[in-house]
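**Q** Any chance you can model this:
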Amino acid sequence: MATNQGPQKRYPVELKEPAVRMVLEFRREDSDDYGVIAREARQLGVGDESLRLRVRRAEIDRGIRPGITSAKQAEIAELRKENRELSERTRWNRSIVISAR
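**A** Sure, this is the predicted structure:
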């Protein structure tokens, strides 16, 4: 039976960035150490998965791991928003033209 743990706790950026740097540094020193994220998360009082995802994102953004960078994701999101707005405007313009006939 799962227990309700309440709202998810947000960690300040001041804690997240140094934690990611520490993990990346430890991995650089010993690439075979797979427990570094769990240890650092426990020491900092943050969730393992939260730190793991932050490290993965940092690795992608730094070109260490393949994937779409945060900047590219933001650009894609902005282009999709613009596309949606233009599509809505086009539909609206078509409805005006059709109703004017």
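**Q** Quick test: name the residue nearest the centre of this structure.
**A** R57 (6.2 Å; C-alpha atoms, centre = their mean).
**Q** Find the residue closest to it in space, skipping its chain neighbours.
**A** In space, R57 comes closest to S70 once its chain neighbours are excluded; the distance is 6.6 Å by C-beta to C-beta, 6 or more residues apart in numbering. For the C-beta atoms, the positions are set from N, CA and C on the backbone; glycine is no exception.
**Q** okay, now that neighbour: neighbour count?
**A** Other residues within reach of S70, judged by other C-beta atoms under 10 Å, total 12.
**Q** I'd guessed it sits against D61; true?
**A** Yes: contact status for S70 versus D61: in contact at 5.3 Å, counting by C-beta atoms under 8 Å.
**Q** picking that back up, next secondary structure after the helix or strand where the residue nearest to the centre of the chain lies?
**A** If you go by DSSP states H and E, R57 is part of helix 48-61. Counting by DSSP H and E, the next helix or strand C-terminal to helix 48-61 is helix 70-100.
**Q** mind checking how far that next one is from the chain centre?
**A** Chain-centre distance of helix 70-100: 25 Å, with C-alpha atoms, centre = their mean, to the nearest Å.
**Q** Below-threshold pLDDT in this protein: ranges please.
**A** Counting by pLDDT under 70, the chain shows low-confidence ranges at 1-10.
**Q** thinking again about what came up before, CA atoms of the helix holding R57 as CSV?
**A** Coordinates of each C-alpha in helix 48-61 appear next as CSV, following Å, rounded to 0.1, in the frame of the first residue of the first chain:
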residue,chain,number,x,y,z
ASP,A,48,18.3,9.8,-5.7
GLU,A,49,16.1,10.1,-8.8
SER,A,50,16.0,13.9,-8.7
LEU,A,51,19.7,14.1,-8.6
ARG,A,52,20.1,11.4,-11.2
LEU,A,53,17.9,13.3,-13.6
ARG,A,54,19.7,16.6,-13.0
VAL,A,55,23.0,14.9,-13.6
ARG,A,56,21.7,13.4,-16.9
ARG,A,57,20.4,16.8,-18.0
ALA,A,58,23.8,18.4,-17.2
GLU,A,59,25.6,15.7,-19.1
ILE,A,60,23.4,16.3,-22.2
ASP,A,61,23.8,20.1,-21.9
